[in-house]
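Colleague: got a predicted model here, sequence first, then my questions.
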Amino acid sequence: MSESSKTFKDVIEEYSVPCLCETNEIFSGMDLSKFSPNGLKSLLKDKDLKWRVGERTTNDLQWESSCPTRIATVSQILEWNGITNCEDPTPVQKESQSILAACCQRHYWCYADYMYMKDVFRCREDYVNASLPWKELGFTDKAGVDGTMWVGTAGAHTLCHFDTYGYNIVVQISGSKRWILFPPSETDSLYPTRIPYEESSVFSEVNIRNPNLTQHPKFRSASACTVVLRAGDILYVPRHWWHYVENLELSVSINLWCDTELDAEERLRESVTRLVIGSMVPSITNWNKSWVTPSEDIDSVACVEKSLEYLNNSLRSLSTVTENSPSPCTNEQQIFHRNGLPISINPQCLRPFVEAEACDTMPAEKKRKRSEQGSVTRRDFLKCLTHPKVITLIANEIRDVVASMNDTECESEM
């Protein structure tokens, strides 16, 4: 393929590290401000959205299941976000305080995350598709409504995790957002966990903004890329890169998850993970809802027959995958031309993440209790069973068993 015929997708897939495009020219001629907070206020009018509410005054991890959710319109969020004196709000602002059960954005944050564009803009698919022409960038199987929208106030964040499927393209529509990205090689340093369980998400136990180095000593040596996205920027997040994301101000972004040929392997591992967790549910009398994210239906997860169906479907999909030679990789800056305009694609560099002042945050009393306790809980046991290394071993064993069964069947037919 000649350099001049390459699409943005072709170029970006050559990278094995995150890349930043600081430009508005990728979507040249398109008015993305229609998806800004004020644009959404006009587009969505009185449409209710689900907002997760968290505290800005705590250093604790705020898992999704521990955050209350409220129903509010974009207009009500904008009113609330504009409160300068939480003790003397206007009548409209006071109403927004009541709806969110939160005094103001200095103490709380609100996040409408994981919103599928096709759901948010139902009956306006043509409008969204014309506004976000992914096909023109080489994503020929993607339309504008295939993206996901994230709207949040300052402090709203997504805990550190990696997505098991594909890679990620992020467009910052308005405001600014900090991304802290760790390579797959840092997985052990990030203490991966599948509790809480969410399909296709592997979480880190580390509190990225306030790490406890006594509890997670390996994190001290972790290296990361830190990127601040501003309006018009595009970020490429490669497959299996960990990321912690935080709004620095009222912010809107849209992302696109893109499949890869390696996803067939991941579907098998995800099926195994779901089956292991689902098999445990019936044996636990007081199942803790915090062990799954709110997006998962616990009854569905506990349905072993359904999980076995997923498992066998993933095995069948694997049998049809053909191995291709790896794509060429570069970590050098490249210039991509769109509509005759040069666009710089800038790979990001890794640097040690934990700052010198990072310290042990565990009180001495808790240290003693922790060292004295030493007992394993059901949660601990389940975390070990679903650790990515263990899941990979199980998935490989399943493949070997199935291959052996197939060989036996072939021999019996001869």
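Modeller: That came through, no problem.

Colleague: pull out the buried positions in stretch 231-250.
Modeller: Buried residues in stretch 231-250, counted by 16 or more other Cβ atoms under 10 Å: 231-247, 250. The C-beta positions use only the backbone N, C-alpha and C, and glycine is treated the same way.

Colleague: so which of these are in strands?
Modeller: Among the buried residues of stretch 231-250, the members falling in strands (DSSP state E) are Asp233, Ile234, Leu235, Tyr236, Val237, Trp242, His243, Tyr244, Val245, Glu246, Asn247.

Colleague: so what sits opposite the nearest residue to the fifth one once chain neighbours are set aside in the bridge?
Modeller: It refers to Val237. If the residues on either side of it in the chain are set aside, Val237 comes closest to Asn168, at 3.9 Å by Cβ to Cβ, 6 or more residues apart in numbering. With DSSP bridges as the criterion, Asn168 is bridged to Val237, Trp257.

Colleague: list the contacts for Asn168?
Modeller: Leu235, Tyr236, Val237, Asn255, Leu256, Trp257, Cys258 (Cβ atoms under 8 Å, 6 or more residues apart in numbering).

Colleague: just checking, the second one touches Gly166?
Modeller: It refers to Tyr236. No: Tyr236 is not in contact with Gly166 according to Cβ atoms under 8 Å; the separation is 11.8 Å.

Colleague: between the two, what contacts are shared?
Modeller: Residues touching both Tyr236 and Gly166 (Cβ under 8 Å, 6+ apart): there are none.

Colleague: neighbours of Glu198, how many?
Modeller: For Glu198, the neighbour count with other Cβ atoms under 10 Å is 16.

Colleague: how about it, nearest residue that isn't a chain neighbour?
Modeller: Leaving aside its sequence neighbours, Glu198 sits nearest to Thr293 (Cβ to Cβ, 6+ apart; 4.1 Å).

Colleague: what's the burial count for Asp304?
Modeller: Slight slip there: residue 304 is Val, not Asp. 14.

Colleague: so how far is Thr69 from it?
Modeller: Separation of Val304 from Thr69 (Cβ to Cβ, to the nearest Å) stands at 29 Å.

Colleague: Cys21 touches Asn346, doesn't it?
Modeller: Yes: Cys21 sits in contact with Asn346 when judged by Cβ under 8 Å, with a separation of 7.2 Å.

Colleague: and the helices in the stretch 1-150 of the chain?
Modeller: 8-12, 37-44, 74-81, 91-100, 117-120, 125-131 (DSSP state H, counting those that start in this stretch).

Colleague: turn these into CSV, columns for mean pLDDT.
Modeller: Shown next, in CSV, are the helices of the stretch 1-150 of the chain (pLDDT from 0 to 100):
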stretch, mean pLDDT
helix 8-12, 92
helix 37-44, 95
helix 74-81, 97
helix 91-100, 96
helix 117-120, 95
helix 125-131, 90
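
Colleague: ok, which of these comes nearest Ser189?
Modeller: helix 8-12 (26.4 Å; Cβ to Cβ).

Colleague: elements contacting that closest one?
Modeller: Judged by 3 or more Cβ pairs under 8 Å, 6 or more residues apart in numbering; DSSP states H and E, the packing partners of helix 8-12 are strand 334-338.

Colleague: quick one: mean pLDDT over the strand it packs on.
Modeller: Regarding strand 334-338, the rounded mean pLDDT is 82.

Colleague: buried ones in it?
Modeller: Those would be Gln334, Phe336, Arg338, for strand 334-338 by 16+ other Cβ under 10 Å.

Colleague: hang on, the last one packs against Phe8?
Modeller: Yes: using Cβ under 8 Å, Arg338 makes contact with Phe8 at a distance of 6.9 Å.

Colleague: check contacts around the residue nearest to Leu43 when sequence neighbours are not counted.
Modeller: The shortest distance from Leu43 to any non-neighbouring residue, by Cβ to Cβ, 6+ apart, is to Lys34 (6.6 Å). For Lys34, the contacting residues are Ser42, Leu43, Ser131, by Cβ under 8 Å, 6+ apart.

Colleague: just the buried ones from those residues, in PyMOL syntax?
Modeller: The PyMOL command for the buried members of the contacts of Lys34 (criterion: 16+ other Cβ under 10 Å) is given here:
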select buried, resi 43+131
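
Colleague: what is the nearest of the contacts of Lys34 to Phe162?
Modeller: Ser131 (29.1 Å).

Colleague: residues near the closest residue to Leu100 other than its chain neighbours, how many?
Modeller: Nearest residue to Leu100, sequence neighbours excluded (Cβ to Cβ, 6+ apart): Arg70, at 5.0 Å. A count of nearby residues for Arg70, using other Cβ under 10 Å, gives 19.
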